[in-house]
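Colleague: Got a predicted structure plus its sequence, pasted below:
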Amino acid sequence: MAKEYLDMDTLKYLLYDVHGLKDMLAYERFQDHDEESLGMFIDSVKEFSDRELFPYFKEMDEQPAHHKDGTVIVHKQVDVMMKKGGEMGLIAAPFDYAHGGLQLPGMAYTTAAYILDAANNHLPGYAGLTLGAAELIVHFGDEHLNDTYVPKMLSGEWGGTMCLTEPQAGSSLSDITTKAIPNGDGGYRIEGQKIFISGGDTQYAENIVHLVLARIEGAPAGTKGISLFVVPKHRPGTDGNLTYNDVTTVADFQKMGQRGYCTTHLGFGDKGDCHGWLVGEPHKGLKYMFLMMNGARIAVGRGAAAIAMAAYQASLEYANERPQGRKLTSTGKKNPDENQTLIIEHPDVRRMLLLQKAIAEASLSLVVLASRYQDIKQATADEEERKKYHLLLEIIIPIVKTYPSEAGAVAVNNGLQVLGGYGFCSDFILQQYYRDIRISAIYEGTTGIQSQDLLGRKIPMDNGKALELLAAEMMETIGNAAAYEDLKKQAGVLGSKLKQAKEILAFLMPYAQKGDYERYLADANLFMEYLSIVTIGWLWLDMATKAKQSLLKGETKFSEAFYESKIHTMKFYFKYEVPKTNGLAESLMDDEVLTVKTGKKVFV
């Protein structure tokens, strides 16, 4: 394993200098915090991660979570993550003071959680899902549910999950069949099966509080008939004692990666004694769950960004230590009498490392940006400002979830290649990062689902207002960058890509307008890739512009080489990645339709 798993200077540069954490402190919600106290919190999370997460990363892969005697046996550090993490506020941090939280800006919390993910991506999900489940209860549950469950969840004593997927339905939530039968006292009996439930059970949890989507008997068909229920593994009595609630851990799925993070199959009501309590109003469960879903999708992107960063650090360290081959001389030949050179001297290795750096650092920037939008939306008292950042957040969420997951896998793949044959061996950690990151494109809605959400819902949202606002953000950066001679070229390229995006949408939109939605969305994945590349180009141009400004001001917060590296990596991204949009645009605006099924029989 590498000696280090992330670049704290880049993390702090993005948080403070690029995305302006200090700006958040002007809002009343966050006024009790200052940069120093937030910095101390982030540093304490790094120290905790160094001590309690990173050293166990490989071990958790080698000793995977598994089902035994009706429960799931997990690594002992899961207990440490929940209990000590709870004590540190790693679950409660974003919550209101009234609910026992710290009212921490989401930007600071997300950055802290990113550190945990980079140190050991098998552990933070246990706390993260507990946070998400508690958040749903806080927002939509009644006083009794809040008082009964939230305090013990925020302390890490009890875990939490969200239970959506069923064996017969997969991602099609309109087809779920889990039943909720009124029992006459305001509660419901729950009957059904849920699969792929992350953090669904451990031998260390006194209780797990499941947030379950189910249909009340007689509810409308489809997604409009889905309600949300609190269904604990053990139901608390008025005396504080726990009674088994007929929630069965049927199995734990064995996976190719994230093997220390359990993924369970749960049965509810096998003996007819599973009780659930309605959260909010009937038939609004999916709407409520999507509050949690936005946070969960940012978390998936954050985790993928962190894995990409950790893999980059490991491959960079290897490249700086591994001697192999010799540099070409001016004659085009190698001198066998020279000592071997470190592989980081070879242009192709440097290309792969720069690709890793470009993807990993921009992915972190993207995640912090989404958290910034979320913070402003939550904290502002200005209705127009709230609407603006709501729309910006909505359009960027699918990209935040998808780009770090898909491009991050490409980055880790390149890191493995840097190690050559050793990258394929279990003695080296790159193969584990490669396996771990692969799930990210599936978690919380696959890439196909995110792409259809982006093109089908977010682009047309409010008559295109969300995309208009995002383009305006990009144009502001283009204007700032164009003021510097050595950034003008890339500023011009990004401007041309925004025009090209309009051409693509002008080609596609008529299909939607005439009701041919299948054709309109047939290449949604390509559009996702296109807009992701453009968005990441924007974030790199912004990073480079701020680095240029710091250099001209003679700022010494970071070294001159640090700032120059941001400009260099931006130029690398525009040379090697941005041109890929041309091929994507050509495919998107091609009249030929090859993936929509017709009456003609074609083998696939």
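Modeller: Received, thanks. Values in this document were obtained by computation on a predicted structure and should not be read as measured data.

Colleague: where does this structure dip in pLDDT?
Modeller: For the chain, the stretches flagged by pLDDT under 70 are 329-334, 337.

Colleague: Spell out which residues make up each domain of it.
Modeller: 8-154, 159-283, 446-593 (automatic domain parsing).

Colleague: chain center to the shortest one: distance?
Modeller: Yep, that's domain 159-283 we're talking about. Mean-position distance between domain 159-283 and its chain equals 24 Å (CA atoms, centre = their mean, to the nearest Å).

Colleague: rewinding a little: now the domains of the chain in CSV, with mean neighbour count and distance to Leu430?
Modeller: Placement of C-beta: from N, CA and C, glycine included. As requested, the domains of the chain are arranged in CSV below (neighbours: other CB atoms under 10 Å; distance: least, CB to CB, whole Å):
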stretch, mean neighbour count, distance to Leu430
domain 8-154, 20, 12
domain 159-283, 19, 12
domain 446-593, 17, 21
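
Colleague: right, and those domains - which one's nearest Ile429?
Modeller: domain 8-154 (6.5 Å; CB to CB).

Colleague: Between the domains of the chain, which one is closest to Thr341.
Modeller: Nearest to Thr341, of all the domains of the chain, is domain 446-593, at 20.9 Å by CB to CB.

Colleague: could you pull out the helices for the stretch 51-200 of the chain?
Modeller: 57-62, 76-88, 106-119, 124-140, 143-154 (DSSP state H, counting those that start in this stretch).

Colleague: TSV for those, including distance to Phe558?
Modeller: Converted to TSV, these look like this (distance: least, CB to CB, whole Å):
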stretch	distance to Phe558
helix 57-62	28
helix 76-88	28
helix 106-119	17
helix 124-140	27
helix 143-154	36
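
Colleague: Which one of the ones you listed lies nearest to Leu369?
Modeller: helix 106-119 (9.1 Å).

Colleague: Run the angle between that closest one and helix 124-140 for me.
Modeller: Angle, helix 106-119 to helix 124-140, by axes from the mean of the first three to the mean of the last three CA atoms, to 10 degrees: 150 degrees.

Colleague: out of the helices of the stretch 51-200 of the chain, which comes closest to Glu476?
Modeller: Checking the helices of the stretch 51-200 of the chain against Glu476 by CB to CB gives helix 106-119 as the closest, at 19.4 Å.

Colleague: and the closest one with helix 76-88, angle?
Modeller: Using the same axes, to 10 degrees: helix 106-119 against helix 76-88 is 160 degrees.

Colleague: So what does Leu552 look like in phi/psi?
Modeller: Backbone geometry at Leu552, expressed as degrees, to the nearest 10, gives phi -70, psi -30.

Colleague: For it, give its distance to Ala483.
Modeller: 11 Å (CB to CB, to the nearest Å).

Colleague: Arg351 too?
Modeller: 30 Å.

Colleague: Could you do His67 as well?
Modeller: 60 Å.

Colleague: repeat for Val150
Modeller: Remark: distance between Val150 and Ala483 (CB to CB) = 50 Å.

Colleague: Between the two ends of stretch 429-446, how far is it?
Modeller: 26 Å (CA to CA, to the nearest Å).

Colleague: Would you mark the buried spots in it?
Modeller: 429-441, 443-446 (16 or more other CB atoms under 10 Å).

Colleague: what's the closest non-adjacent residue to Val534?
Modeller: In space, and not counting its chain neighbours, Val534 is closest to Lys497: 4.9 Å by CB to CB, 6 or more residues apart in numbering.

Colleague: tell me the contacts of the one you found?
Modeller: Val534, Gly537, Val578, Thr581 (CB atoms under 8 Å, 6 or more residues apart in numbering).

Colleague: between the helices of the stretch 51-200 of the chain, which gets nearest to Tyr422?
Modeller: With CB to CB as the criterion, Tyr422 lies closest to helix 57-62 of the helices of the stretch 51-200 of the chain, at 14.9 Å.

Colleague: Which elements pack onto the closest one?
Modeller: helix 430-437 (3 or more CB pairs under 8 Å, 6 or more residues apart in numbering; DSSP states H and E).

Colleague: which residues does Ile190 bridge with?
Modeller: Beta-bridge partners of Ile190, counted by DSSP bridges, are Ala180.

Colleague: my guess is Lys488 contacts Ala482, does it?
Modeller: Yes - Lys488 is within contact range of Ala482, at 5.4 Å (criterion: CB atoms under 8 Å).

Colleague: Let's verify the closest residue to Arg438 other than its chain neighbours: helix, strand, or coil?
Modeller: Leaving aside its sequence neighbours, Arg438 sits nearest to Gly257 (CB to CB, 6+ apart; 5.7 Å). Three-state call for Gly257 (DSSP: H, G, I helix; E, B strand; the rest coil): coil.

Colleague: ok, now how distant is Ser155 from His99?
Modeller: As defined by CB to CB, Ser155 lies at a distance of 12 Å from His99.

Colleague: joint contacts of these two?
Modeller: Ala92.

Colleague: roughly how far apart are Tyr576 and Gly421?
Modeller: Per CB to CB, Tyr576 is found 25 Å from Gly421.

Colleague: And Tyr27, by the same measure?
Modeller: 53 Å.

Colleague: Repeat that for Arg322.
Modeller: Arg322 sits 12 Å away from Gly421, taking CB to CB as the criterion.

Colleague: out of those two, which sits in the busier spot?
Modeller: Neighbours were counted for Arg322 and for Gly421 using other CB atoms under 10 Å; Arg322 has more, 16 against 7.

Colleague: Does the closest residue to His210 other than its chain neighbours belong to a helix, a strand or coil?
Modeller: Closest residue in space to His210, ignoring its immediate chain neighbours: Val231 at 4.6 Å, by CB to CB, 6+ apart. Going by three-state DSSP, the secondary structure assigned to Val231 is strand.

Colleague: give the contact list for Val231.
Modeller: 163, 190, 209-212, 245, 247, 268, 274-277.

Colleague: One more pass at 6 Å, please.
Modeller: Neighbouring residues of Val231 by CB atoms under 6 Å, 6 or more residues apart in numbering: Ile190, His210, Val212, Gly276.

Colleague: If anything else comes up later, I'll come back, but that's it for now.
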